[in-house]
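# Predicted model, plus sequence, below.
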Amino acid sequence: MSKHAGRKVILEDEDGQPIANLRTKELSVDREPIDVTDDDSSGWREILPEPGQVNINISISGVLANDTIRQDAISTNGLSARTLVYPDGGEITADFFLASYSETHEYNDASTFEGELQSSGTATYTPPTQ
């Protein structure tokens, strides 16, 4: 992966359209180990080589310019495909659930929003084509 400005990482909706007005896109991948330590482990922890559960979360924040994300937060009950696109062509695609959403309206500042998307099912990573 080459060096790049964060604004060049784009989060797209299920139609391949960029989600507008984002400033921050934070990706976290959590891999829960399976502990199989027992009396035969001589006091050393043993973990299976495969994860018990893998979670991908994308935290987003941006400037509130329309009510599209608010509508999704209030009215959408299902999952939506999202793709995080990197400038080098790499992509992470999965179905995501909008788990949290908040807005901030400060007296002397831009109105902003924050949200967290949580993955459901298998995610696909497509490496860059270089």
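Arrived safely, thanks for sending.

# Show me what counts as buried in stretch 95-113.
By 16 or more other Cβ atoms under 10 Å, the buried positions in stretch 95-113 come out as 95, 96, 98, 101, 112, 113. The C-beta positions use only the backbone N, C-alpha and C, and glycine is treated the same way.

# Shouldn't the second one be within a strand?
What it means is residue 96. Yes: if the criterion is DSSP: H, G, I helix; E, B strand; the rest coil, then residue 96 is within a strand.

# Just give the nearest non-adjacent residue to it, would you?
Nearest-residue entry for residue 96: residue 117, 3.9 Å, with adjacent residues in sequence omitted and distances by Cβ to Cβ, 6 or more residues apart in numbering.

# ok, the one you found touching residue 97?
Yes: between residue 117 and residue 97 a contact is recorded at 6.9 Å, counting by Cβ atoms under 8 Å.

# so what's the closest residue to residue 86 other than its chain neighbours up against?
Leaving aside its sequence neighbours, residue 86 sits nearest to residue 9 (Cβ to Cβ, 6+ apart; 5.7 Å). Residue 9 makes contact with 25, 84, 85, 86, 87, according to Cβ atoms under 8 Å, 6 or more residues apart in numbering.
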